[in-house]
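Novice: got a sequence here, can you build the structure:
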Amino acid sequence: MGSFSIWHWLIVLVIVVMVFGTKKLKNVGSDLGSAVKGFKDGMKEGGTTADASPAPQQVVNEAARRDANTVDVDSKTKS
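Specialist: As a prediction, this is how the structure comes out:
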């Protein structure tokens, strides 16, 4: 599709505008823009809250520690 000339793309653009109309295309563009902005904001919030939150503390139950079927392991956190 990259081999089409500029005239092919202009004809496609004119057909799309005729089918959907400029108002609907404007609404689709603004909806897409707000979705991208919301995604970027969500990515910024997700990065800051993960870094700012303290690591969860491990709760050790004495009965589980003495149980022969319990396996004690150290977990590693992703950094």
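Novice: buried sites along the host helix or strand of Met18?
Specialist: Secondary-structure assignment from DSSP states H and E places Met18 in helix 6-20. When neighbours are counted by 16 or more other C-beta atoms under 10 Å, no buried residue of helix 6-20 is found. (Glycine included, C-beta is placed from N, CA and C.)
Novice: please save the CA atoms from that helix in CSV.
Specialist: Output for helix 6-20, consisting of C-alpha atoms alone and laid out as CSV, is shown next (Å, rounded to 0.1, in the frame of the first residue of the first chain):
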residue,chain,number,x,y,z
ILE,A,6,-0.5,10.9,-3.7
TRP,A,7,-3.4,10.9,-6.1
HIS,A,8,-4.6,7.5,-4.9
TRP,A,9,-4.5,8.7,-1.3
LEU,A,10,-6.4,11.9,-2.1
ILE,A,11,-9.1,9.9,-3.8
VAL,A,12,-9.4,7.6,-0.8
LEU,A,13,-9.6,10.6,1.5
VAL,A,14,-12.4,12.2,-0.6
ILE,A,15,-14.4,8.9,-0.6
VAL,A,16,-14.0,8.6,3.2
VAL,A,17,-15.1,12.2,3.8
MET,A,18,-18.1,11.6,1.5
VAL,A,19,-19.1,8.4,3.3
PHE,A,20,-18.6,9.4,6.9
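Novice: which other helices and strands contact the next helix or strand after that helix?
Specialist: Beyond helix 6-20 in the direction of the C-terminus, DSSP H and E gives the next helix or strand as helix 22-52. Counting contacts by 3 or more C-beta pairs under 8 Å, 6 or more residues apart in numbering; DSSP states H and E, the secondary-structure elements packed against helix 22-52 are helix 6-20.
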